[in-house]
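Asks: Return a 3D structure for these sequence lines:
(2 chains)
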Amino acid sequence: MYEAQVEVRNVPGIHARPAALLVQAASRYKSEVFLCAGELTVNAKSIMGVMMLAAETGTILSIRAEGPDERDAVDGLAAIVESGFQES
Amino acid sequence: MTKGRKARRILLQGTGASAGLAMGPAHRLVSQEYQISNQRVAASEVASEIRQLRRSFAASRDGIRTLRQRLKKQPEDPVDQILASHLMIVQDRELVREMVVAIKTERMNAARAVRSILRAKARYMESLPSELFRARAADIRDVERRVLGHLFGDETSGTAHFPPGSILVACEIAPSDTAAFGPQQVVAFVAERGTLASHVTIMARSRGIPVVVGVSDATETIPHGEVLIVDGERGVVIVSPTRADVAEYKERLKGERRISVMLDSSRRLPGETLDGKRIPVLANIDRPGDAAAAAHSGAEGVGLLRTEFVFMAAAGFPDEERQRRAYEIALQAFESSPVTIRTLDLGGDKCAALMGVSREANPFLGLRGIRFCLENPEIFLVQIRAILRASRQGNARILLPMVSNLEEVHRARYMLDRTAAQLREEGLSVPERVPLGIMIEVPSAVIMSDILAREVEFFSIGSNDLIQYTLAVDRGNERIAYLYNYLDPAVLRAIDQTVRSAHKHGITVGSCGEMSGETLGMLLLVGLNIDELSVAPVRVQRLKAMLSQIRFGDLEAMAHRALEVGSRGDVQRVLRDALAPYPQFQLDERGEQLLCHWRPQEPHS
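Replies: Numbers count the residues shown, from 1 in each chain, chains lettered A, B, ... in the order given. Okay, the predicted model is just below:
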C-alpha cells in the first residue's frame, strides 16, 4: 500500500469537473485507489464517491492505493490535485 | 383551465430567478412516485433483480447518450455538461456494486436498492454547507428518477409531453428536464425549490425563459391546467388572473413588442442625444458567449464582462488557456470596440455560496472584489495572464472591482506590468498598454477619486454597491429597503464628484449598475456628464432610442438643480419639472418610488 497527502488548492474545491477528472485519471490504474478526507473514505474510481467527499478548498486529502501500480496511481492523482486541476 | 366554478385569483410571491413575462396553462410536474415494495426478494429472485438493475443502468446510459446526440450541444454548453455528469453517475461501477450488495445481502428488490442508496446520497449532499455541493443533490435525484423509470418500464420518464406554451410547476425542476424541453414548449418555470445558482435557472436565463423559484407549496396551490401569469423579474406568479391582470399583461407584452419592432430599426445608430452629445451604449454580459448577441443588439462594446462565470458550477475554475479562449470569444465579437473585462468579483453575497469559504459576519464589508484577488494571487495572476494574452484579439480593458484605496491600485498595476513583462520574455506579444480601470462603488473611492483618477485609465461607477455603501442600506432588508434609491441627493453628489475627478484628469467614466438601465437613472447619469452607459443587452436599443429623443442640455440643467437640493422629495420635484416638456417620459409615483415610463413616439412618416 502506498499513500500520500495533498491539499486541495483549487477554488472552490473538488466539485463537478475536478471530480470527473480525478475519476477518469484513477480509472486508468489497475490498483484500488481511495481518497480520504476527514472521516470519509471513498473509492477514487467512483464519481458518486468523489462527489460525496465534497472536498472544498483547503481540505487535506489522503490518496491511498493498493495494487501493482499503486505508486504511479498515488503520484498521478496527487499531481492533478496539486496542479489545481489544470488540464494539460 | 377550470370550467364551471370560477377559480379564485391567488398571488404567489417567490424569487425571480430569470427575467421575463409569460402567460399560459400550468403543467404540474408531479415527480412520479413509484410504489416500491419493501418485501424481501426470494433467494431465487436475486439474480434476476441484479440483471434488471444492470439493464436499467445500461438503458439510462443509452438514454442520456441519445439525448446528448439529439441536442448536439457544444461541450461548453451547461446542458451538455449536466448530461455528461449524469452519464458518469450511471456508469459508476462502484455505485452499481453497492446496489448489488444491497440486493444480495439485504434481499432488496432492484428498485428499492436504487431508491434507498441514491436517496441517502442525495440527502447527504443536501446537508453540506456549500451551495455548490448541495446543488448536486438535484443531479442525484434526477438520476434516481431516470433509473427507476427504466426499471418500471416507463420509457418516457424525464421527457414528459405537455401542451406547447405551458408553464411548468414543480417541486424542483430536474436538470435533465430542461434539456428535453424545447423553447417553444415551456414558456416559464415555477418551482418550490431552487436557487439563483441552480442549473435550471442558469439555463433558463441563457434562453430568456422566465423562472420564479422559492414559491412554497406551488404544487399544492396551483391547480393543473389553471392559467398563470409569471413575472420573472418581480418573482410574482398570478394564479387564475382576473381580466384586469390579463389586460395589464397583454398591455405590457404588447408594449414590449411594439417597442422592440420600432427599436430594431434604430439598432445600428450610435448612442447620441437629440442635441448631438455622443454617449456610447455598451452591454453588461455574464458570459463571453453572449457577446455576439450583444453586438447584434447594437451594443457599442462591453462595459462590463463579469468573469464569475469561471466559477459556474459545471465548469470549475478554468486554467489560463480556457480563460484566454473565453475572453477571445468576447473580444472577437466586438472587433475594435472596447470589451471591459472585470477581474473576479467574488465576495459579499456571491462568495460564501460559491466558494464555501468561511462565512464572514459581514460579507459586504469583508474579503471581496479586489481584496480577494490580491489575497489569492494564484487566481488573479492566471486571470491577468489570460486577459493579456487574449487582448491581441481586440480592444480589451481591465476593470478592478471594489477598489477602496490607492495601494490596491498600485499592487494590481504592479502585478499587471510584471505579468506583461513576463509574457514578453516568454516571446508572446502583448499590446503596449491595456487600459486599467477601477469600479467606483465604495465611498472611500469617491472621496479619493481625484487621486485615483491619476493612476488609472478609466472609472466605472457601480451604482448598486455605491448606493448601498453610501446610504448604509441593505436593500435585502425589507424594513429599510425604501431608503435604497438612486434619487437620494447623496448618491447624486457622489456620482458628480466622481465624474468631476475623472474629467479633471482626462479619463472617462462609465456606469454599469442597474441605475444606468432605468429610465430616470439613465437620464440623471447623462445629465451628470457620464461618458458611457453599460446595460443588459436587452436594454441597449431602448436606451439609444431614449437618448435620441432628449436634449443633453436639458438633462445637464436638471442634474445641476438636483445637486442643489437636500432631499429625495426635492430631487423628484426637480425631475418632474425638467421632464414636463417631454411627453414621452411619463412620471408615475408609486409609494416611495418615482418611476418613469417611456412611451416612444412613433417615427414620423
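Asks: Next up, the contacts around residue B:171.
Replies: Counting by Cβ atoms under 8 Å, 6 or more residues apart in numbering or on different chains, residue B:171 makes contact with B:31, B:191-193, B:218-219. The C-beta positions use only the backbone N, C-alpha and C, and glycine is treated the same way.
Asks: Inside strands: which ones of the residues you listed?
Replies: Per DSSP state E, strands hold the following members of the contacts of residue B:171: residue B:191.
Asks: Skipping its backbone neighbours, what lies nearest the most far-flung residue of chain A relative to its centre in space?
Replies: Most distant residue from the mean C-alpha position of chain A: residue A:68, 17.9 Å away (Cα atoms, centre = their mean). Spatial nearest neighbour of residue A:68, chain neighbours left out: residue A:30 (5.3 Å); criterion: Cβ to Cβ, 6 or more residues apart in numbering or on different chains.
Asks: Reformat the contacts of residue B:171 as TSV; add distance to residue B:308 and pLDDT.
Replies: Listed next are the contacts of residue B:171 as TSV, based on distance: Cβ to Cβ, whole Å; pLDDT from 0 to 100:
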residue	distance to residue B:308	pLDDT
B:31	31	62
B:191	23	88
B:192	26	86
B:193	23	77
B:218	29	88
B:219	32	85
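Asks: State the pair within the contacts of residue B:171 that is farthest apart.
Replies: Pairwise distances across those (Cβ to Cβ) peak at 13.2 Å, for the pair B:31 and B:218.
Asks: Looking at these two, which is more packed in?
Replies: residue B:218 (24 against 15; other Cβ atoms under 10 Å in any protein chain shown).
Asks: wait, what's in contact with the more buried one?
Replies: B:12, B:14, B:169-171, B:190-192, B:237.
Asks: go on, residue B:416?
Replies: B:384, B:388, B:398, B:434, B:436.
Asks: These: which two are farthest apart?
Replies: Going by Cβ to Cβ, the pair spanning the contacts of residue B:416 furthest: B:388 and B:436, at 11.1 Å.
Asks: These two: which is more packed in?
Replies: The residue with more neighbours, out of residue B:388 and residue B:436, is residue B:388; 23 against 18, by other Cβ under 10 Å.
Asks: quick one: the more buried one from residue B:141, how far?
Replies: 43 Å (Cβ to Cβ, to the nearest Å).
Asks: repeat for residue B:334
Replies: Distance from residue B:334 to residue B:141, by Cβ to Cβ: 41 Å.
Asks: cool, and residue B:596?
Replies: Residue B:596 is 45 Å from residue B:141, by Cβ to Cβ.
Asks: Those two - which one has more neighbours?
Replies: Between residue B:596 and residue B:141, counted using other Cβ under 10 Å, residue B:141 has the larger neighbour count: 22 against 18.
Asks: So the more buried one belongs to a strand, correct?
Replies: No: going by DSSP: H, G, I helix; E, B strand; the rest coil, the assignment for residue B:141 is helix, not a strand.
Asks: How about the contacts made by it?
Replies: So residue B:141 contacts B:118-119, B:122, B:172, B:174 (Cβ under 8 Å, 6+ apart).
Asks: Below-threshold pLDDT in chain A: ranges please.
Replies: Counting by pLDDT under 70, chain A contains low-confidence ranges at A:87-88.
Asks: Output the set of residues of it in proximity to chain B.
Replies: Within chain A, the residues that sit near chain B (Cβ under 8 Å from any Cβ of the partner chain) are A:9-13, A:15-18, A:20, A:23, A:43, A:45-49, A:51-52, A:54, A:56-57, A:84-88.
Asks: For the helix or strand where residue B:415 lies, buried residues please.
Replies: In the assignment (DSSP states H and E), residue B:415 maps to helix B:406-425. Residues B:408-409, B:412, B:415-416, B:419-420, B:423 are the ones in helix B:406-425 that count as buried (16 or more other Cβ atoms under 10 Å in any protein chain shown).
Asks: Thanks a lot, catch you later.
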